[in-house]
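Student: the following comprises the amino acid sequence and a computationally predicted model.
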Amino acid sequence: MHNRVFAERLNHELDAIGVPQPLHEREEAFAKMLHIPRFKASALLEGQLTPDQALAQRIAEELEVNPQWLIGKSADRRN
């Protein structure tokens, strides 16, 4: 459940900051943004992987959202 919520919220926030929508381009941009391997970016974007606490925090900081909201454990989008 949390994987799907995380992926939906992540992709929504990436849309909001103008990250390209084609999956190939989005994976590449997201991987570069966080300095993570592309396969990991792909798994996160597709809801196949939920980030650990440290990575969720890094993503949330980059997107300026609450990390607990991002992973589906809070209704508060902003800290």
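Tutor: On my side now, so go ahead.

Student: the helices in this protein, which residues?
Tutor: For the chain, the helices defined by DSSP state H occupy 2-16, 23-34, 38-45, 53-63, 67-70.

Student: mean neighbour count for these - can I get that in TSV?
Tutor: Every C-beta, even on glycine, is put in place using the N, C-alpha and C of the backbone. Listed next are the helices of the chain as TSV, based on neighbours: other Cβ atoms under 10 Å:
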stretch	mean neighbour count
helix 2-16	16
helix 23-34	16
helix 38-45	18
helix 53-63	15
helix 67-70	19
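
Student: turn the ones you listed into CSV, columns for mean pLDDT.
Tutor: Output for the helices of the chain, formatted as CSV (pLDDT from 0 to 100):
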stretch, mean pLDDT
helix 2-16, 94
helix 23-34, 97
helix 38-45, 97
helix 53-63, 97
helix 67-70, 95
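
Student: closest one to residue 78 among the ones you listed?
Tutor: When the helices of the chain are compared by Cβ to Cβ, helix 67-70 sits nearest residue 78, at 7.8 Å.
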